[in-house]
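**Q** Quick check, what structure comes out for this input:
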Amino acid sequence: MTTDPRGAQQQDYEAAGYGHHLAPGRRPALLLIDPARAYTDPACSLYAGVEEPVAAMRVLLDAARAAGVPVVVTRVDIRPDGSDAGVFFRKVPALTAFTTGSPFAAYVEGLHPLPGEHEVVKQFPSAFFGTGLADHLHGLGVDTLFIAGLSTSGCVRASTLDAMQHGFVPIVVADAVGDRDAEIHRANLFDIAHKMGEVWSLEASLQRLAAGATAVPAGS
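**A** The predicted model follows:
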């Protein structure tokens with residue numbers, strides 16, 4: 001008889017006291033992290049085969065706009081010499097794809113911020129690090145963040161951790177985040193769900209945005 005290692009892992013984490021569910025608040029926003037061409041253009045070394053999550057991002061973004069939810073979109077813009085990205089640039093030479101003027105740093109079609117939406121330009125993984133994003137969201141009265149974007153193990157994870165540390169309930173939309181490796185993607189979603197925030201399906205997130213209620217949708 002075989003055992004389910006993921007089931008055993010889940011039980012172990014729950015027994016240790018991880019994974020308590022967080023109830024979303026009344027004032028959500030959407031944080032769309034780095035929907036850049038670098039991850040969707042095979043000509044770039046960072047290409048990650050994330051076409052399905054990108055399609056889900058478009059659906060989620062449309063739903064947030066239709067619901068009147070504040071939208072924040074981030075992009076990476078690094079000086080050509082990498083001097084504003086410090087050790088991060090030295091550690092990951094592939095970040096040259098995000099230097100000023102690189103075509104790979106441009107937004108994927110349909111995922112750019114519209115006039116009146118908040119754009120965050122960053123040089124490091126977290127959307128909060130050195131950007132003033134927390135103050136912007138607190139000023140809007142936001143208490144919950146739906147999080148989508150790229151990549152799961154990098155900027156999505158870092159931003160989710162910082163969202164929690166700044167007092168926002170983070171809800172990572174599993175179908176609308178992606179990574180270059182499926183196992184790393186799954187492992188990071190597992191860790192996020194047990195230590196940082198909630199991980200919901202796209203369907204559950206759309207239900208919540210459409211309803212504008214405080215109850216957690218079925219299937220989250």
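**Q** downstream neighbour of the helix or strand hosting V172 in the secondary structure list?
**A** Secondary structure assigned from DSSP states H and E places V172 in strand 169-178. Later in the chain than strand 169-178, the nearest helix or strand by DSSP H and E is helix 182-195.
**Q** Can you list the strands that the helix or strand immediately after that next one in the chain pairs with?
**A** Counting by DSSP H and E, the next helix or strand C-terminal to helix 182-195 is strand 198-200. Applying DSSP bridges to the sheet, strand 198-200 is found paired with strand 169-178 (parallel).
**Q** Next, the angle from the strand it pairs with to helix 182-195.
**A** Orientation check (axes from the mean of the first three to the mean of the last three Cα atoms, to 10 degrees): strand 169-178 against helix 182-195 gives 170 degrees.
**Q** Now strand 169-178 - C-alpha only, PDB.
**A** C-alpha atoms of strand 169-178 as PDB (Å, rounded to 0.1, in the frame of the first residue of the first chain):
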ATOM      1  CA  VAL A 169      -4.100  39.600   4.600                       C
ATOM      2  CA  PRO A 170      -2.400  38.100   1.500                       C
ATOM      3  CA  ILE A 171      -4.400  35.900  -0.800                       C
ATOM      4  CA  VAL A 172      -2.200  34.400  -3.500                       C
ATOM      5  CA  VAL A 173      -4.300  33.300  -6.600                       C
ATOM      6  CA  ALA A 174      -2.700  29.900  -7.400                       C
ATOM      7  CA  ASP A 175      -3.800  29.900 -11.000                       C
ATOM      8  CA  ALA A 176      -2.500  33.400 -11.700                       C
ATOM      9  CA  VAL A 177       1.100  32.900 -10.400                       C
ATOM     10  CA  GLY A 178       3.800  30.800 -12.100                       C
END
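**Q** Tell me the buried residues in that strand?
**A** Within strand 169-178, the residues that qualify as buried by neighbour count (16 or more other Cβ atoms under 10 Å) are V169, P170, I171, V172, V173, A174, D175, A176, V177, G178. To be clear about C-beta, it is placed using only N, CA and C from the backbone, and glycine gets the same treatment.
**Q** go on, stretch 173-193?
**A** Across stretch 173-193, burial judged by 16+ other Cβ under 10 Å covers 173-180, 185, 188-193.
**Q** all helices of the protein, in order?
**A** 5-16, 51-66, 86-91, 133-140, 157-165, 182-195, 202-211 (DSSP state H).
**Q** Among the buried residues of stretch 173-193, which pair sits farthest apart?
**A** The distance between the two most remote of these (Cβ to Cβ) is 20.6 Å, for R180 and A193.
**Q** show me where pLDDT drops low in the protein?
**A** Applying pLDDT under 70 to the chain flags residues 1-6, 212-220.
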